[in-house]
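In: sequence and predicted structure below; questions after.
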4 protein chains.
Amino acid sequence: MCGIIGMFSNKNIAKDLYYGLYSIQHRGQESCGLAVADDNENKIKYIREMGLVGDVFKEKQIDYLNGSKGIGHVRYSTAGGSIIENCQPFVGTLRKRNLAVAHNGNLVNAQVLKDMLEEDGYMFQTNSDTEVILYILARYYKGDIVESLKLTMDYIKGAYALVILCDDALVAARDPHGFRPLIMGKRGDEYIFASENCAIDILGGEVIRDVEPGEIIVVKDGSVESFNYSQNYKPVKKSCIFEHVYFARNDATIDGVNAYDFRIRCGEKLAENDEVDIDLVVPVPDSGWPGALGYANAAGMRVSEALVKNRYVGRTFIKPTQEEREIGVKIKLNPLKRLIKDKSIVLVDDSIVRGTTSRQLVKSLREAGAREIHLRITSPPVAYSCFYGIDTPNRANLIASNHTVEEMRDYIGCDTLKFIDINDMLDVAGSHTNFCKACFDGDYAVKIHDIEG
Amino acid sequence: MCGIIGMFSNKNIAKDLYYGLYSIQHRGQESCGLAVADDNENKIKYIREMGLVGDVFKEKQIDYLNGSKGIGHVRYSTAGGSIIENCQPFVGTLRKRNLAVAHNGNLVNAQVLKDMLEEDGYMFQTNSDTEVILYILARYYKGDIVESLKLTMDYIKGAYALVILCDDALVAARDPHGFRPLIMGKRGDEYIFASENCAIDILGGEVIRDVEPGEIIVVKDGSVESFNYSQNYKPVKKSCIFEHVYFARNDATIDGVNAYDFRIRCGEKLAENDEVDIDLVVPVPDSGWPGALGYANAAGMRVSEALVKNRYVGRTFIKPTQEEREIGVKIKLNPLKRLIKDKSIVLVDDSIVRGTTSRQLVKSLREAGAREIHLRITSPPVAYSCFYGIDTPNRANLIASNHTVEEMRDYIGCDTLKFIDINDMLDVAGSHTNFCKACFDGDYAVKIHDIEG
Amino acid sequence: MCGIIGMFSNKNIAKDLYYGLYSIQHRGQESCGLAVADDNENKIKYIREMGLVGDVFKEKQIDYLNGSKGIGHVRYSTAGGSIIENCQPFVGTLRKRNLAVAHNGNLVNAQVLKDMLEEDGYMFQTNSDTEVILYILARYYKGDIVESLKLTMDYIKGAYALVILCDDALVAARDPHGFRPLIMGKRGDEYIFASENCAIDILGGEVIRDVEPGEIIVVKDGSVESFNYSQNYKPVKKSCIFEHVYFARNDATIDGVNAYDFRIRCGEKLAENDEVDIDLVVPVPDSGWPGALGYANAAGMRVSEALVKNRYVGRTFIKPTQEEREIGVKIKLNPLKRLIKDKSIVLVDDSIVRGTTSRQLVKSLREAGAREIHLRITSPPVAYSCFYGIDTPNRANLIASNHTVEEMRDYIGCDTLKFIDINDMLDVAGSHTNFCKACFDGDYAVKIHDIEG
Amino acid sequence: MCGIIGMFSNKNIAKDLYYGLYSIQHRGQESCGLAVADDNENKIKYIREMGLVGDVFKEKQIDYLNGSKGIGHVRYSTAGGSIIENCQPFVGTLRKRNLAVAHNGNLVNAQVLKDMLEEDGYMFQTNSDTEVILYILARYYKGDIVESLKLTMDYIKGAYALVILCDDALVAARDPHGFRPLIMGKRGDEYIFASENCAIDILGGEVIRDVEPGEIIVVKDGSVESFNYSQNYKPVKKSCIFEHVYFARNDATIDGVNAYDFRIRCGEKLAENDEVDIDLVVPVPDSGWPGALGYANAAGMRVSEALVKNRYVGRTFIKPTQEEREIGVKIKLNPLKRLIKDKSIVLVDDSIVRGTTSRQLVKSLREAGAREIHLRITSPPVAYSCFYGIDTPNRANLIASNHTVEEMRDYIGCDTLKFIDINDMLDVAGSHTNFCKACFDGDYAVKIHDIEG
């Protein structure tokens, strides 16, 4: 769970990078960073810190980051602990050249590669995958960034979308399965790459297309070139379906699928064969809204904002004790009693991971007087961990990994529980082969040899 | 625009006050404070600071505020500048007694009273109305808080909901027009007062009723008593309609009206006689949602989340320059192009104050390809300033104060513009007399003699 | 233990006040504040915060405090707890007029006056003496600051040096005993008042004289006037001798006595009749230096910097545990072993309050190999608490209040212990009547009726 | 200008490292860091930040750094800019092993080595010399830290004192000239290494000896071993004389010389042949004190603290403008006028670098009425930059590099100016060959091939 951005221009783009990064803040709230090539000083200047984009970058920081090409990163730790050393972009110098890398995703063979590099005397200053990528890149980089990146991509396995800044170019690349998104856009003569198109939209740019699986795009002064990372290997698209289920913004269009459309239609699909007698449809805010709208449309019902969200509950919230846990739920989502009392409701959410939040919400709605609660989930049960960059917990903590739907229903305490069928979801997505859906069915496109699941 | 809370218990209630205050954070984000009576030390301990509840209060602060009764306040400056000295609650000692006051509202005769007190040699350390209230209260307080509060209420004019903490009691009071809300609740033997019922809900309490206009409620050990502030004066209820239009949370029920119901039905009213040929209904998030849902219900249309909100844009946002202003709008609300392109849409918002945001949104939607934009507002034009505690700008800055609806439409750039009729809105509210609607029609229930409008 | 400054000019003096306050930082490190009269806006602007002058005031703050007259304060809490509400200057408005007060000293009848004012309905928002002064001043202030200050001085008893800022004047006053210092200076047409002359020196001003006990000096545009606070009462000078013993800087000249001269000569006095066979004279840094130099001069010995001070040990120091206490002493003052080993030394300090530091130092010197340690103190035993503004502990904690010199020597562990004779000290000071020496002999010039000793 | 510490124990030593680092804070105030080997987790935990030891490390940080061996660093940037990435210790992992390095000094061939490593594909994430050391060390480290350190020391040239932490050992080493100090101490079974003995003293340890030039000392469980870094190369001691002139604390004894003794005797030497008719000897605080005491002893004069230092002037001081520069000097050092007026004084300082401070001080003393000012410096003129770790400016900015003594006297404005003769200084130090005195005579023991002087 990270977001990346890259921009190539011939005027100062620090503030554009800032706005772009701001727009993908939802992809990572732990740390953020920007690196720009300072054309005058022949160096890469960067700032990376723990915290939100709006807190880390003030006018002083933006003024410092003067340059016409640069990259940015927001991060929520997956691999790599939550410390400042792991903040991105990673920046380095070698052979009088400068290099910076921002990475969204997760390698599955990072440890093997670390071992290999350490055998050759390399030393790691962080425990981030990205340092591995940077070191291999640096090893082979003697001026031709494409050649060295191709070699690097021969080594690294797993999920990665990359933006790379070097002295004369901005490079974007996506792993051969295209697990993680990377969109290419244009604004006049300027090029923008970002994890989601909203970064391109808000900067007034036009989306061109997705970077393709296994593709390397190099932007230099006066040229944009595309390369396949390998002649011998044909990329197999496995775009992450969970981006559409939950992670991406509603305005994201990734690999041909728009997240909002997808969510609406998954809600509709769920309603199509659902024969339950209800009074109102209630979304779990905010991510349950599109599914609830779709469900209600298809069912001919009204959507009611019966769970009122507190917009200020962020991380600076004193943890409630065990006894106060009920307060903890209600302070985030307070049931609007007069809407709920004596009603039979369909509660729509995008997914169930651990099941604890659903259980508490159901309890809260029961206390508010709900007569019947029918929980509908617009994704299949999450039964497998993600090793490609989504921060799902260990399998043991995924309720669906060791419970039947009926057992889940019993634990959560709702009257009925239904998930969308995985095939229905793929029908909505428009393809049964182009998506990675391993978190639902365990079909991992890249073998996980050195990570414990 | 402030929120208050008070709680009376026989066990430590600091953390409950914290959670309660958290739930009404939307009523004021500039500063916050809590004051509790420390039963052992015969004093009132307090912490008040600039910032959000979650940032100001950590476990250390809550541990310090040990006590079984207390009050709290969140503040967005109306009268009184934005400085730490104006943070509430105000706390003082007099005649070996302790007193703390938290105040939501705005006096209209504060300056006159200041002059009077200053003639008597009093001195003001802040420029807050609340210091005036506290000084008059202190002047008459010789042990009987009710008598001194009655006398105080004879002096002060305007809008006020008060919670007062003294050594042996918690007092709640509302001005004779009941401009500002104050709800009374109970949890077992404990009493809770708050600006909105969500604070009572999330603490697991039951709402009892609104504090009545002109009513004083005193909670002591073993007794709860209610007083009319005056034998001679009959209160005239003028509950603020703008709480329902915009300010209160959807789950708020104030003076018999639920905000969410009100908003939904205002949307429905707007749609009832609206004959416009549209493809979809789009809310301006977040406050336009209920109106849009109501409009869509009545019009038999779909609501589409076509403006995607960035949840991280708060105050720590570098101001865009004039040239970047378009980015500034889009970073907050990005139009979902594929939904909007070539569509005729109804855009629903709760109110128009300055008109600038609406204008920018319309521009943004046009650029996203909207064919027609019909702006519908679930409140009448705001044409008069509020002197009773809502932070509306000077009349000169209210677009409706000096423009016709057609002129407004032209400025904003939409195809059509309609506001709900004021009588329709009052029909929805269920009374044409019980509400203050001065911001719409200039009919001020309390004369504004010493404030320049 | 506080420091005050006031300045009257016809150009912006915020930065001068800042530098002046910086120079008297040693008089109080807990909080600081500046208030200036903004001539254009007819108001007093101020900033006051917990922390050091250099941390609280940056260029932004100084820019804000634009004005041609103002006052400042540094504070170490004596009466009044250590909270932001007690930070000075106190500022208020009354009868369209502005008033600010900064106060060094301690009233002995604050509680009585509080009771009186509270009877009249006044309320106190802090527990600072200064609020009492401000309220009485405000009560009588109808435009003539001198009249109201005279009346105020009839009420308040104890120690106070005051600088008062009102719309048209800067006022300086000192209590009828002149317990606390206040120096008057001039720089061209500008007037400066400060607790110590260093503030005047560093601003390039010339010291004129001490404000006299019971004197009120008023500086307005074009005039400087002096008043006696009362026709009937003849002031009796009781200048604090402890300023010279310890508190004031070496460059301070207060009421005719220079602190450095005084300290040197007290050291000499001690040596005069001292017949002890020693190898070297060692000061306890930093305050023991002048006494040690004086002692060494008179004894014909060398002073050796045998205790090496760590200049970085401030408040941000993790408290050593009981076991680590020895480290705690050494980290502050490390004995220079090769100087001390097998030597007989005279250790010179300015005073003994609790005796714990001396005891630890002696232990530390013994461990470093000192053969004999003769402790010499350049003031008499501190046996009584100060109620006039020096932060001495309760009598019970003063080792001299309940131990003979021999008992003290035994506790501290030195070979011999000698204090300067009180009459010798007064001879050095040049007067046996003009000084308050109550901390040494309990002869309090103003009765302490409402403070528990 | 850095300080290092290392400690090997069998119990938790985080707090000891903290106290030790606190005691050498004077060697670097920009950043600090601690790294400890966590025996249970087989990893090195570390914290390094910009700021002072007391500000960076609180109880929470110390609790986190649980471990029985560790190293620490305080830094004032010489090579390597002032950014967080350059904070030490540097920490890395390689071949399942952990390594941390803290370094005091400055390599003269860092760029050459960087080029070499970069040719081999290594990449640098900082611009610190220490990263170079760490990478070479890592390259050769396959379990035997001594072998890899010997190889590393064959590569690196210049000044370095090192403490290295690996999984099973603490290593201390000093370059073959011993430019920078490193002291070895013992406390029971525990070993301590530090830049100055005060760190050992305050922890209650005993100094054993200096680490020798070219020596490597390895402490493991149950063994302490010493190695020469090379069989073929005989170390030539060139201990930095400037440590004794200015940098080290008075209690430091480095390579057989005690700083305080040295400073006193340099003052005496200066006085021996000085025939100037003066009234008093005035030190420039704090570093001029020992020299002034020595001078006064030899001259039979009194030392007077006639420049009063403000102990609070640190970095948080608003820079005076050109016009206010006089204030800037006086706020730091205020002349005690009554001591100085009409007097002929000897002003004693430890060194002259740029000459600007001396010039301002002389001006300030003249204004205070000094009749004659004779400036005496206890070191020779600093005419050459240091490339071995002392932060002297470029030659162009050293006043002695391009002015005669008479020209300097004229610039500074004193009546006479004398420096100690370099041979006299070396006599005091006890050796004419064991010290690096390049800053005085340009005789660099290690050639400076890749640094511009």
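Out: Right, received. Where do you want to start? Numbering: from 1, shown residues only, chains lettered A, B, ... in the order given.
In: from the stretch 51-200 of chain A, which residue is nearest to chain B?
Out: Per CB to the nearest CB, A:Gly54 is where the stretch 51-200 of chain A lies closest to chain B, at 3.7 Å. (C-beta placed from N, C-alpha, C; glycine too.)
In: and the helix or strand where that residue lies, what does it pack against?
Out: Here A:Gly54 sits within helix A:53-56, counting by DSSP states H and E. On a contact count with 3 or more CB pairs under 8 Å, 6 or more residues apart in numbering or on different chains; DSSP states H and E, helix A:53-56 meets helix A:14-23, strand A:31-38.
In: sheet-wise, list the partners of the last one with their directions.
Out: Pointing back at strand A:31-38 there. Strand A:31-38 has the following strand partners under DSSP bridges: strand A:43-50 (antiparallel), strand A:69-75 (antiparallel).
In: any idea which of those strands scores lowest on pLDDT?
Out: Confidence, taken as mean pLDDT, is least for strand A:43-50 of the strands paired with strand A:31-38 (a mean of 91).
In: out of the helices and strands packed on helix A:53-56, nearest to B:Met425?
Out: helix A:14-23 (36.1 Å; CB to CB).
In: how about the residues of the stretch 1-150 of chain A that lie near chain D?
Out: Neighbours of chain D within the stretch 1-150 of chain A, by CB under 8 Å from any CB of the partner chain: A:84, A:90-96, A:99, A:115, A:118-119, A:121-125, A:127, A:134-135, A:138-141.
In: quick check on those: which are buried?
Out: Among the residues of the stretch 1-150 of chain A next to chain D, those scoring as buried are A:90-95, A:99, A:118, A:121-125, A:127, A:134-135, A:138-141 (criterion: 16 or more other CB atoms under 10 Å in any protein chain shown).
In: which ones among those also lie next to chain C?
Out: Near chain C, taking CB under 8 Å from any CB as the test, no member of these is found.
In: mind listing what A:Tyr64 touches?
Out: Going by CB atoms under 8 Å, 6 or more residues apart in numbering or on different chains, A:Tyr64 touches A:Lys45, A:Ile47.
In: just the pLDDT at A:Ser344, thanks.
Out: Model confidence at A:Ser344, given as pLDDT, is 97.
In: which residue sits closest to it in space, ignoring its chain neighbours?
Out: Using CB to CB, 6 or more residues apart in numbering or on different chains and skipping the chain neighbours, the partner closest in space to A:Ser344 is A:Glu372 (3.8 Å).
In: how close does the one you found sit to D:Gly204?
Out: 73 Å (CB to CB, to the nearest Å).
In: quick revisit: adding mean neighbour count, write the strands paired with strand A:31-38 out as JSON lines.
Out: Formatted as JSON lines, those follow (neighbours: other CB atoms under 10 Å in any protein chain shown):
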{"stretch": "strand A:43-50", "mean neighbour count": "20"}
{"stretch": "strand A:69-75", "mean neighbour count": "30"}
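In: right, and those - which one's nearest C:Asn297?
Out: Set against C:Asn297 and scored by CB to CB, these come closest in strand A:43-50, at 56.8 Å.
In: on that earlier part again, inside helices: which ones of the residues of the stretch 1-150 of chain A next to chain D?
Out: The helices, defined by DSSP state H, take in A:Asp115, A:Glu118, A:Glu119, A:Leu134, A:Tyr135, A:Ala138, A:Arg139, A:Tyr140 from the residues of the stretch 1-150 of chain A next to chain D.
In: residue in chain A nearest to chain C?
Out: For chain A, CB to the nearest CB, closest residue to chain C: A:Lys60, 12.5 Å.
In: the helix or strand containing that residue: which residues count as buried?
Out: Under the criterion of DSSP H and E, A:Lys60 resides in helix A:59-64. Residues A:Ile62, A:Tyr64 are the ones in helix A:59-64 that count as buried (16+ other CB under 10 Å).
In: repeat for stretch A:351-365
Out: A:351-353, A:355, A:357-365.
In: give me the subset of those residues lying in helices.
Out: Reading helices off the buried residues of stretch A:351-365 with DSSP H, I get A:Thr357, A:Ser358, A:Arg359, A:Gln360, A:Leu361, A:Val362, A:Lys363, A:Ser364, A:Leu365.
In: what's near enough to touch the first one?
Out: When you say that, I think you mean A:Thr357. So A:Thr357 contacts A:Val329 (CB under 8 Å, 6+ apart).
In: report the contact partners of the residue nearest to A:Phe435 when sequence neighbours are not counted.
Out: Closest residue in space to A:Phe435, ignoring its immediate chain neighbours: A:Ile241 at 4.3 Å, by CB to CB, 6+ apart. By CB under 8 Å, 6+ apart, the contact list for A:Ile241 reads A:Met425, A:Leu426, A:Ala429, A:Phe435, A:Cys436, A:Lys437, A:Phe440.
In: export the residues you listed to CSV and append columns for neighbour count and pLDDT.
Out: Output for the contacts of A:Ile241, formatted as CSV (neighbours: other CB atoms under 10 Å in any protein chain shown; pLDDT from 0 to 100):
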residue, neighbour count, pLDDT
A:Met425, 25, 98
A:Leu426, 19, 98
A:Ala429, 22, 97
A:Phe435, 25, 97
A:Cys436, 26, 97
A:Lys437, 23, 97
A:Phe440, 23, 97
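In: and the residues you listed, which two are furthest apart?
Out: Between any two of the contacts of A:Ile241 (CB to CB), the greatest distance is 12.8 Å, for A:Met425 and A:Cys436.
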